[in-house]
Structure formats: structure tokens, C-alpha cells
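>>> here is a sequence with its predicted model. Questions after.
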Amino acid sequence: MRLISDENISWRLKKLLPDWEILPSNEIISKVRLTDLMIWKFAKANQYTILTFDEDFFELQNLFSYPPKIIWLRTGNVSTAEIASLLINLKDNILEFLNSDELGIYELYL
């Protein structure tokens, strides 16, 4: 499971989920703020799924379809630990989503 997280998700998530391959978007090019489209293109070219709070990725998927797939966190203001816990608890569902050819977006709620 290869995830790229957008800038609104703390890089600390990577430390809380050491068995997951999570690439914070700010690690792609340091000291450069990446646009959503740049993250989208990187994810598509490198087979990453986008992990985001941002509705803009939903709009990009409406324009360009998928890949990349999107895991959209619709959780509101929660801690990084709560996000990690949610992802761990739904890991089997997330893997099923990632293996599906029919679905491009998976919305997670708390």
C-alpha cells in the first residue's frame, strides 16, 4: 500500500504507521510547496494512492478519473494519532478498495 499524503496531513503519521509506505508530499521536493495537480501527477506516475483531507483531489478525479485512487479523510479536526488508528482499524477495507478496479475514491469518516 503506497500512500502519498497531502500537506494538510502531518508527517508524523509516517512514524505512527511504520509498516505502511507513506510519503508525505513535502518529502518529494523539499522547500517547495506542491500544488494539488503536482501531487496528483506524481501519484499517478509512481503508483501512489493519495491520502487527503482536501476536496480538491475529488474534483481532480472528476476531471481525470483514476488512477490515482484517493482515500479522502472526512474526519474533521482530529489528531494524527486518531487518523492512524482509523487507518489501522480499516486496513482490510482499504486494501479491498485498492484492489478494486471499480472504485476510485474511498471516504473515511469518524
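Looks like it arrived, so ask away.
>>> can we go C-alpha only for contacts and neighbour counts from here?
Will do.
>>> dump the residue contacts of I28.
Contacts here follow Cα atoms under 8 Å, 6 or more residues apart in numbering; on that basis I28 touches nothing.
>>> for it, give me phi and psi.
When read as degrees, to the nearest 10, the backbone of I28 gives phi -70, psi -50.
>>> what's the spacing between it and N89?
Separation of I28 from N89 (Cα to Cα, to the nearest Å) stands at 28 Å.
>>> likewise for F58?
23 Å.
>>> between these two, which has more neighbouring residues?
F58 (19 against 11; other Cα atoms under 10 Å).
>>> elements contacting the helix or strand encompassing L63?
Per DSSP states H and E: L63 is located in helix 55-64. Other elements packing on helix 55-64 under the criterion 3 or more Cα pairs under 8 Å, 6 or more residues apart in numbering; DSSP states H and E are helix 36-45, strand 70-73.
>>> buried ones in it?
Within helix 55-64, the residues that count as buried by 16 or more other Cα atoms under 10 Å are 57-58, 61.
>>> what residues are up against N8?
Counting by Cα under 8 Å, 6+ apart, N8 has contacts 52-54.
>>> show me the residues around the residue nearest the centre of the chain that make contact.
Centroid-nearest residue in the chain, with Cα atoms, centre = their mean: L51, separated by 1.0 Å. Counting by Cα under 8 Å, 6+ apart, L51 makes contact with 3-6, 70-73.
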